[in-house]
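Student: sharing a sequence plus its predicted fold:
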Amino acid sequence: MELLLVLATPLTGALLLAFLGAYRRAPEINVITSLATLGFAVLLVLRVIRHGPMMVGDEQFFVDPFNVFLIALTAFVGFTTAVFSRPYMRIEDERGRLTPVRLRLYHSMYQLFMASMLLALSTNNMGLLWVAMEAATLSTVLLVSLYRTRESIEAAWKYFILCGVGIALALFGTILLYVAAEGVLGHEGMRALLWTHLDAVKGQLEPTVVGLAFVFLLVGYGTKVGLAPLHNWLPDAHAEGPTPVSAVLSGLLLNVAMYAVVRCKVLADGAMHSLLPGRMLMAMGLLTTLLAAFFLWRQRDIKRLFGYSSIEHMGIITFAFGMGGPLANFAALLHMTVHSLTKSAIFFTAGHASQVAGTQRIDGIRGLLAVSPTVGWGLMLGTLAILGTPPFGVFASEYLVLTTAMREHPWAIPALLIALAVAFAGIFRHVQPMVFGDTNAKPLPHSPALLPVFVHLALVLMLGLYMPPALARWYRLAAHLIG
């Protein structure tokens, strides 16, 4: 029942806001819908903690400690982003960047996007997972192009084409997975695509077909993760779409795509009895981290800057999952959590900073502490957190990744350290003058919603200083399930 409510609430909200999205109280409806989704997600978490993994809807939906924590994280960040978007979108409306039709489109597509991601996380059917990822792609295209400028439409088309190619490759990989399963589970028909059924017989699957399927699935879903060299859509989509969309893209969608990759890796590991799937993830993760770190130095747009930062961190997470093992998987799950919280908080402050300055260009944003101290401190603290400065949680997760790599794959340490150092210098050199210095900017007409920023950063700080035992057990159980 709880899972049904988690999925139905944002879908109902999307239908309601399709009619009332331009209404004066539409932002409040968006917030209430997101809060209800979060409440039902908490109930779902409690049920899984008490009773363990559960099947729903004739085994079409499956919840275990791995995906239930991502469902809770998705619902939480979705709610805080809805709170942030309330004053942000009103300022955009008053400045003439939006029309009633576009406001209706924004609010309805936001909830549809949330519903698609929650469906992708909870489905047990690999085919339905593909459908949910495609629905998330289509709803995001409409959100990225919301302003209808030449640049936003170009970014939306680039996102649609690149992710469309990627999702087509993932479809072919899903078909190959079914071909491999048919020989073992052929009598089950389309139920052979249920992940739990595949996991139960993964040792009997044809390794060559599963290996080929994994390549297509990795490239396909890896495109949505933002893995190099398939990352080009991500900085443009972040820069041209509304800031709340940037926050959920970095904080949520990348995690959902990473979840799909990891589920596929579990099957490939069991079928192939080989280290090759993990090595492929490590190689793509390391390449992505290095490439994104050096691109950070060239950026002139604040949202593109942090878009490349998201690519860098997804590379670290991919590398950690590629190493495998309980400790590396634990580090990857922790990094997914702290990155989602920190990066969404940074985009909240970056959005308000660009509204204060009237531009997204880095050289046009100066002296935030003078005109809006809360925005300035939020951006600086968020930057220090995402750069892995102790005692924030990002430092703890990156430390775990580095120490695990030092013990098991010491050859990767120089590349990882170079990437982290280049990224630290590249981001800090841009952010420091934006926060300090003189400015002629004027305060915002509405008070910015910065409570979500400091709530996120407080949680990230807590995870760096102290991890509740229940949460640690949760991460360990999820890391064990991944294998």
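Tutor: Happy to help now that I have it.

Student: and the longest helix seen in the chain, what does it pack against?
Tutor: If you go by DSSP state H, the chain has its longest helix at helix 150-185. Other helices and strands packing on helix 150-185, by 3 or more CB pairs under 8 Å, 6 or more residues apart in numbering; DSSP states H and E, are helix 126-144, helix 195-200, helix 207-225, helix 233-240, helix 254-272. Heads up, the C-betas are built off the backbone N, CA and C, glycines and all.

Student: what residues does the closest residue to residue 359 other than its chain neighbours make contact with?
Tutor: Sequence neighbours aside, residue 365 is the residue nearest to residue 359 in space, at 6.9 Å (criterion: CB to CB, 6 or more residues apart in numbering). Neighbouring residues of residue 365 by CB atoms under 8 Å, 6 or more residues apart in numbering: 302, 353-354, 356-357, 359, 434.

Student: of those residues, which belong to strands?
Tutor: With strands defined by DSSP state E, no entry of the contacts of residue 365 lies inside them.

Student: of those, which is the most crowded?
Tutor: residue 302 (29 neighbours; other CB atoms under 10 Å).

Student: show me what stretch 292-301 is in contact with.
Tutor: 228, 231, 235, 239, 305, 308-309, 311-312, 315, 360-363, 418-420, 422-423, 425-427, 429-430.

Student: returning to what we had before: out of the contacts of residue 365, which sit inside helices?
Tutor: Short answer: the contacts of residue 365 in helices (DSSP H) are 302, 353-354, 356-357, 434.

Student: and the furthest pair within those residues?
Tutor: Maximum pairwise distance among the ones in helices among the contacts of residue 365 (CB to CB): 11.5 Å, between 302 and 356.

Student: got any ranges where this protein has weak pLDDT?
Tutor: 21, 187-189, 437, 439-447 (pLDDT under 70).

Student: to residue 376, which of the helices and strands packed on helix 150-185 lies closest?
Tutor: Among the helices and strands packed on helix 150-185, helix 233-240 sits nearest to residue 376 (CB to CB), with 21.1 Å.

Student: the closest one: what's the following helix or strand?
Tutor: helix 243-248 (DSSP states H and E).

Student: return the distance of that next one from the chain's centre.
Tutor: Centroid displacement of helix 243-248 relative to its chain, using CA atoms, centre = their mean, to the nearest Å, is 10 Å.

Student: do the same with stretch 246-259
Tutor: With CA atoms, centre = their mean, you get 2 Å for stretch 246-259.

Student: and the nearest residue to residue 483 once chain neighbours are set aside, how many residues sit next to it?
Tutor: Nearest non-adjacent residue to residue 483, counting by CB to CB, 6+ apart: residue 266, 5.7 Å away. Counted by other CB under 10 Å, the residues lying close to residue 266 total 19.

Student: gap between residue 266 and residue 390?
Tutor: With distances taken as CB to CB, to the nearest Å, residue 266 is found 33 Å from residue 390.

Student: same question, residue 329
Tutor: Between residue 329 and residue 390 the computed distance is 23 Å (CB to CB).

Student: follow-up on the earlier one: contacting residues for the residue nearest to residue 483?
Tutor: Applying CB under 8 Å, 6+ apart, the residues near residue 266 are 199, 202, 482-483.

Student: farthest pair within those?
Tutor: Checking the contacts of residue 266 with CB to CB, the most distant pair is 202 and 482, at 13.3 Å.

Student: from residue 89, how far off is residue 97?
Tutor: 9 Å.

Student: ends of stretch 137-153, how far apart?
Tutor: From its first residue to its last, stretch 137-153 covers 15 Å (CA to CA, to the nearest Å).

Student: give me the buried positions along that stretch.
Tutor: Neighbour-count burial for stretch 137-153 flags 137-147, 152 (criterion: 16 or more other CB atoms under 10 Å).

Student: what do you get for stretch 29-43?
Tutor: Neighbour-count burial for stretch 29-43 [16+ other CB under 10 Å]: 29-31, 33-42.

Student: can I get those residues in TSV with distance to residue 164 and secondary structure?
Tutor: Listed next are the buried residues of stretch 29-43 as TSV, based on distance: CB to CB, whole Å; DSSP: H, G, I helix; E, B strand; the rest coil:
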residue	distance to residue 164	secondary structure
29	31	helix
30	28	helix
31	32	helix
33	29	helix
34	28	helix
35	33	helix
36	32	helix
37	28	helix
38	31	helix
39	35	helix
40	32	helix
41	30	helix
42	35	helix
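
Student: which one of those residues is nearest residue 71?
Tutor: For these, the residue nearest residue 71 by CB to CB is residue 41; the value is 5.4 Å.

Student: how near is that closest one to residue 474?
Tutor: 14 Å.

Student: still on that earlier bit, can you pick out the most distant pair from the buried residues of stretch 137-153?
Tutor: Checking the buried residues of stretch 137-153 against each other with CB to CB, the farthest-apart pair comes out as 137 and 147, at 19.1 Å.

Student: which ones are touching the closest residue to residue 402 other than its chain neighbours?
Tutor: Distances taken as CB to CB, 6+ apart put residue 416 closest to residue 402, at 6.3 Å, once the chain neighbours are dropped. Contacts for residue 416 (CB under 8 Å, 6+ apart) come out as 286, 289, 316, 319, 401-402, 405.

Student: quick one: which of the residues you listed is nearest to residue 20?
Tutor: Distances from residue 20 to the contacts of residue 416, taken by CB to CB, are shortest for residue 316, at 41.1 Å.

Student: count of residues packed around that closest one?
Tutor: 28.

Student: begin at 25, not 1, for the rest of this chat.
Tutor: OK, 25 is where the count begins now, so the last one is residue 340.

Student: confirm that it sits in a helix.
Tutor: Yes: Residue 340: assigned to a helix according to DSSP: H, G, I helix; E, B strand; the rest coil.

Student: tell me how far it lies from residue 202.
Tutor: Taken as CB to CB, the span from residue 340 to residue 202 is 32 Å.

Student: and if you look at residue 320?
Tutor: In terms of CB to CB, residue 320 sits 41 Å off from residue 202.

Student: what residues sit buried inside the strand or helix carrying residue 303?
Tutor: Using DSSP H and E, residue 303 falls within helix 300-319. In terms of neighbour count (16+ other CB under 10 Å), helix 300-319 has its buried residues at 301-302, 304-306, 308-317, 319.

Student: my read: residue 368 touches residue 105, true?
Tutor: Yes: the criterion here is CB atoms under 8 Å, and residue 368 meets it with residue 105 at 6.3 Å.

Student: can you list residues touching both of these two?
Tutor: 271-272, 275, 476.

Student: top of those residues by neighbour count?
Tutor: residue 271 leads these on contacts (other CB under 10 Å) with 30 neighbours.
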